[in-house]
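Asks: Here you go, sequence then predicted model.
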Amino acid sequence: MIRPRTFAALAVLSLAAALLQPAAANAVTAPPQGSVAVIGDFGSGTDDERRVADLVARAHPAAIVTTGDNVYDDLGYAALVGSYYGPWASSGHMIPAVGNHDHAEGIRAFDEYFPRLRGRHVYSAGAGGIRFFVLDSTTALASPAARARQRSWLERSLKASPARWKVVVLHHPPYSSGVAHGPSPALRWPYGAWGADLVLSGHEHNYERLVTDGSTFVVDGSGGKALRPLGDAVPGSQARFDADYGALFLSATDSELTGEFWSAAGDRIDRFVLPRGELAS
């Protein structure tokens, strides 16, 4: 028994369609308050990271989820994460995924900065009415055995969870139109059939929303490290943006999960709504 992965796209802005109605024409002028903010590829210590952090702070999110690459050099987590998102990190309201740069800079530093995870990089946590299932895609791609263990854990955990909304978080995108790294086909698992409503990733430094086999995937890697261009749209690409940094904001009700991607300049670039489907035989 699985839920059909239907969705309603309410507004889309892409680089290829830059002359569409701008976000400024909408009545909405700020990200939703109290939502869950999602940032990725951000720990750069740059002015652009600060712009995104300021955007996030204005929304007063209940929690912050990261899609990995929380740091990019040896300045450390206190400088590259805490200086921008310290209140959420110190209070336990940050749900971080690890990326390849977290491993490259020394995963022990990640573990020390997030002691509540007790060294775990594959785990689940709840915030804002959503249950997040976090993977370590770097080790999953490096080791078939690790990939099998994570796949088994995710399938088992998604199916067993009673959460109303279930969101998977990993660093490497299963689907992407990005040209710097591209997608990771080895991670194209049946997320929707297992019960996931949404799959979040980073690694590509841009924003893209895709729908494939009825499941919604979002690449959110525009958190502060140098942006990278999108290539030709792959099948299923619904919204694309690589002109500015930004963050995704998720809001959940009993019947809908809404996502809004906002640029650091304060424009709403994309909005999508995932209605909760009835169980189908």
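Replies: That came through, no problem.

Asks: State which helix of the chain is the longest.
Replies: Among all segments of the chain classified by DSSP state H, the helix with the greatest residue count is helix 144-160.

Asks: just the CA coordinates of it, formatted as CSV?
Replies: Presented in CSV, the C-alpha positions along helix 144-160 are these (Å, rounded to 0.1, in the frame of the first residue of the first chain):
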residue,chain,number,x,y,z
PRO,A,144,28.5,-0.8,-2.1
ALA,A,145,28.2,-2.4,1.3
ALA,A,146,27.6,1.0,3.0
ARG,A,147,25.1,1.8,0.2
ALA,A,148,23.2,-1.4,0.8
ARG,A,149,23.1,-0.8,4.6
GLN,A,150,21.7,2.7,4.1
ARG,A,151,19.2,1.6,1.5
SER,A,152,17.9,-1.1,3.9
TRP,A,153,17.8,1.3,6.8
LEU,A,154,15.9,3.9,4.8
GLU,A,155,13.3,1.5,3.4
ARG,A,156,12.7,-0.1,6.8
SER,A,157,12.6,3.3,8.6
LEU,A,158,10.2,5.0,6.1
LYS,A,159,7.8,2.1,6.1
ALA,A,160,7.8,1.8,9.9
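
Asks: and that helix, which residues are buried?
Replies: 146, 147, 150, 151, 154, 155, 157, 158 (16 or more other CB atoms under 10 Å). The way it works is simple: take the backbone N, C-alpha and C, and place the C-beta from them, glycine included.

Asks: Counting by contacts, list what that helix packs against.
Replies: In this structure, helix 144-160 packs against strand 130-134, helix 137-142, strand 166-169, helix 191-194, with contacts taken as 3 or more CB pairs under 8 Å, 6 or more residues apart in numbering; DSSP states H and E.

Asks: Not counting its own residues, what contacts it?
Replies: For helix 144-160, contacts defined as CB atoms under 8 Å, 6 or more residues apart in numbering pick out 122, 124, 133, 135-136, 139-141, 166, 168, 186-187, 189, 191, 194-196.

Asks: ok, of the residues you listed, which come out buried?
Replies: 122, 124, 133, 135-136, 139-141, 166, 168, 187, 189, 191, 194-196.

Asks: Listing request: residues of this structure with sub-threshold pLDDT.
Replies: Confidence mapping of the chain against pLDDT under 70 gives the ranges 1-28, 277-281.

Asks: what's across from the spatially most central residue of the chain in the sheet?
Replies: For the chain, residue 200 is the residue whose C-alpha lies nearest the centre (CA atoms, centre = their mean; 3.8 Å). Each beta-bridge partner of residue 200 is listed here: residue 169, residue 218, as defined by DSSP bridges.
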